[in-house]
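Asks: predicted model follows, preceded by the sequence.
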Amino acid sequence: MAMWVNGKLVALKVIRLQEEEGTPFTAIREASLLKGLKHANIVLLHDIIHTKETLTLVFEYVHTDLCQYMDKHPGGLHPENVKLFLFQLLRGLSYIHQRYILHRDLKPQNLLISDTGELKLADFGLARAKSVPSHTYSNEVVTLWYRPPDVLLGSTEYSTCLDMWGVGCIFVEMIQGVAAFPGMKDIQDQLERIFLVLGTPNEDTWPGVHSLPHFKPERFTQYSPKNLRQAWNKLSYVNHAEDLASKLLQCFPKNRLSAQAALSHEYFSDLPPRLWELTDMSSIFTVPNVRLQPETGESMRVFGKNSSYGKGVSNSKH
């Protein structure tokens, strides 16, 4: 729900309280976490209004989300826009991961997009501060399509690598124009779709997989890993995209690239070096020549040959 407050358009998230239950724990957790997060790529919580019947979270208003944006521009986004969205997603995640906070529900619907192209992490209802590793989380957390195989197999030892699988799925979806692993039935179907591309795991490729509660080797077809471009051909049109995606979409959780490491990947090497020097609250769009491109639907074919950022820009970003 959106409304004007003191001349500012805000989004209200109203949680109704059951008298016998008091304030829902997830709402309190979300509010307390968000109140302390100040970053350009995390939705801003202006205020918390607590009455007897309701808890109201007053957020900055952001007019759309990545799911709606991709629906509006089917067939894959402009590669330069993918890069800017992914960079912002990784900036926000790096910030929360350094504070021992996981998002735990990454999906396009939870990535808000402003009219200037600012991407903001939202819906921290399932986020929590953590100590590494943790053995206590429920495995019913992330929307099925974006849920990592370790969680699907019953692991509850979550770390920041939980979020990084979702980043890989969203990255592929932005480029390809379809969800990376759109399971249609259940957890078994979801895992089959993952293993079809990445290969069915064993103790050599994923140490400890046999001890996961739901891993029964006889249930799964034995697949060999493919090159990602065989599953998602548009990755091959964008320099270094396949390599980055392959380092995020790792079945073995400890092999997944961290958000901080992903920001240093060669895929981003043609962006202006100043992007790595921004303060937490500074938008990437304060850097000259950084802006979204029009979504034409035709740009993917030529992008690998011609990137506007690469011309005359040093690759020394650190």
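Replies: Thanks, I have it. Just so you know, these numbers come straight off a predicted model, no measurement behind them. Numbering: from 1, shown residues only.

Asks: in the sheet, which strands lie alongside the longest strand along the chain, parallel or antiparallel?
Replies: Identified as the longest strand of the chain according to DSSP state E is strand 8-16. Partners of strand 8-16 in the sheet, by DSSP bridges, are strand 2-5 (antiparallel), strand 54-60 (antiparallel).

Asks: for the strand or helix carrying residue 167, packing partners?
Replies: Here residue 167 sits within helix 161-176, counting by DSSP states H and E. Here helix 161-176 touches helix 66-72, helix 79-97, helix 149-152, helix 241-248, helix 259-263, going by 3 or more C-beta pairs under 8 Å, 6 or more residues apart in numbering; DSSP states H and E. Heads up, the C-betas are built off the backbone N, CA and C, glycines and all.

Asks: need those helices in CSV with distance to residue 29 and mean pLDDT, can you?
Replies: Below are the helices and strands packed on helix 161-176 laid out as CSV (distance: least, C-beta to C-beta, whole Å; pLDDT from 0 to 100):
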stretch, distance to residue 29, mean pLDDT
helix 66-72, 24, 97
helix 79-97, 14, 98
helix 149-152, 19, 94
helix 241-248, 27, 99
helix 259-263, 21, 99
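
Asks: among those, which is the most enclosed?
Replies: Sort the helices and strands packed on helix 161-176 by mean neighbour count, taking mean count of other C-beta atoms under 10 Å, and helix 149-152 sits at the top with a mean of 24.

Asks: run the chain-centre distance for that one.
Replies: Here the centre of helix 149-152 is set off from its chain's centre by 16 Å, with C-alpha atoms, centre = their mean, to the nearest Å.

Asks: residue ranges with poor pLDDT in this protein?
Replies: 18-27, 30, 125-142, 297-318 (pLDDT under 70).

Asks: nearest residue to the residue positioned nearest the centre of it in space, please, no chain neighbours.
Replies: The centroid of the chain falls nearest to residue 167 when counting by C-alpha atoms, centre = their mean (3.8 Å). In space, and not counting its chain neighbours, residue 167 is closest to residue 248: 5.5 Å by C-beta to C-beta, 6 or more residues apart in numbering.

Asks: verify the stated contact: that neighbour with residue 161.
Replies: No - using C-beta atoms under 8 Å, residue 248 is not in contact with residue 161; the gap is 9.5 Å.

Asks: related to what we said a few turns ago, using a markdown table, lay out the helices and strands packed on helix 161-176 together with distance to residue 60.
Replies: Formatted as a markdown table, those follow (distance: least, C-beta to C-beta, whole Å):
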| stretch | distance to residue 60 |
| --- | --- |
| helix 66-72 | 17 |
| helix 79-97 | 14 |
| helix 149-152 | 30 |
| helix 241-248 | 28 |
| helix 259-263 | 22 |
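
Asks: and those helices: which comes nearest residue 111?
Replies: helix 66-72 (4.1 Å; C-beta to C-beta).

Asks: packing partners for the closest one?
Replies: Helix 66-72 is packed against strand 111-113, helix 161-176, with contacts defined by 3+ C-beta pairs under 8 Å, 6+ apart.

Asks: got those as TSV, with distance to residue 234 columns?
Replies: TSV is the format used below for those (distance: least, C-beta to C-beta, whole Å):
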stretch	distance to residue 234
strand 111-113	20
helix 161-176	5
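
Asks: which of these sits closest to residue 238?
Replies: Of those, the one closest to residue 238 (C-beta to C-beta) turns out to be helix 161-176, at 6.5 Å.

Asks: SS state for residue 215?
Replies: coil (DSSP: H, G, I helix; E, B strand; the rest coil).

Asks: if we can go back for a sec, which of the helices and strands packed on helix 66-72 sits closest to residue 253?
Replies: Residue 253 lies closest, by C-beta to C-beta, to one member of the helices and strands packed on helix 66-72: helix 161-176, at 4.2 Å.

Asks: quick check: angle from whichever helix or strand comes after the closest one to helix 161-176?
Replies: For helix 161-176, the following helix or strand on the C-terminal side (DSSP H and E) is helix 187-198. Counting by axes from the mean of the first three to the mean of the last three C-alpha atoms, to 10 degrees, helix 187-198 lies at 70 degrees to helix 161-176.

Asks: and helix 187-198 with helix 241-248, angle?
Replies: Using the same axes, to 10 degrees: helix 187-198 against helix 241-248 is 130 degrees.

Asks: give me the contacts around helix 187-198.
Replies: Residues from elsewhere that reach helix 187-198 (C-beta atoms under 8 Å, 6 or more residues apart in numbering): 144-145, 147, 149, 152-153, 181-183, 201, 214, 219-221, 223, 225-226, 228, 230-231, 249-251.

Asks: check contacts around the residue nearest to residue 5 when sequence neighbours are not counted.
Replies: The shortest distance from residue 5 to any non-neighbouring residue, by C-beta to C-beta, 6+ apart, is to residue 58 (7.0 Å). Counting by C-beta under 8 Å, 6+ apart, residue 58 touches 5, 10-12, 45-49.

Asks: how does it look with 10 Å?
Replies: Residues near residue 58 by C-beta atoms under 10 Å, 6 or more residues apart in numbering: 3, 5, 8, 10-13, 44-49.
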